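Engineer: heads up, no residue letters with this:
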């Protein structure tokens, strides 16, 4: 069982930056693909970014490409989502998730473990 705890959310003005963190409890964390998803008010959960176990491969949703960066440090059991040039449309609850290594990174159902989420609000 992997427990994931997100932090770093908050209120920011459009154009600003935030860095989300996700700490994993499981020492085998390095064997998991890690992803970030988000859910805006009244909408379904959507893929944001993901990173393979070694950190050598990343994928991003088109809506965040060039603005968000996902990274991980397996020695710290932590994955981050650096968000820059934030827009009001980025307002959502952001969730960290863990999945087995060889999956389609963008598919929500592939992820077995989920954090509780952290709220990000971008004001215009």
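Structural biologist: Structure's in. What do you need? Computed from a predicted model, the values in this text were never measured in an experiment.

Engineer: residue 9 and residue 107, how far apart?
Structural biologist: Taking C-beta to C-beta, to the nearest Å as the measure, residue 9 falls 24 Å from residue 107. C-beta coordinates here come from the backbone N, C-alpha and C atoms, glycine included.

Engineer: more neighbours, those two?
Structural biologist: residue 9 (18 against 12; other C-beta atoms under 10 Å).

Engineer: ok, the more buried one - contacts?
Structural biologist: Going by C-beta atoms under 8 Å, 6 or more residues apart in numbering, residue 9 touches 18, 20, 94, 118, 119, 120.

Engineer: residue nearest the centroid of the protein?
Structural biologist: Per C-alpha atoms, centre = their mean, the C-alpha nearest to the average position across the chain is that of residue 36, at 2.3 Å.

Engineer: secondary structure element for residue 50?
Structural biologist: strand 45-51 (DSSP states H and E).

Engineer: which elements pack onto that strand?
Structural biologist: For strand 45-51, the packing partners by 3 or more C-beta pairs under 8 Å, 6 or more residues apart in numbering; DSSP states H and E come out as strand 33-39, strand 58-60, strand 68-73, strand 78-83.

Engineer: didn't the residue nearest to the centre of the chain look like it was pressed against residue 94?
Structural biologist: Yes - the pair residue 36 and residue 94 passes the contact test of C-beta atoms under 8 Å, sitting 6.1 Å apart.
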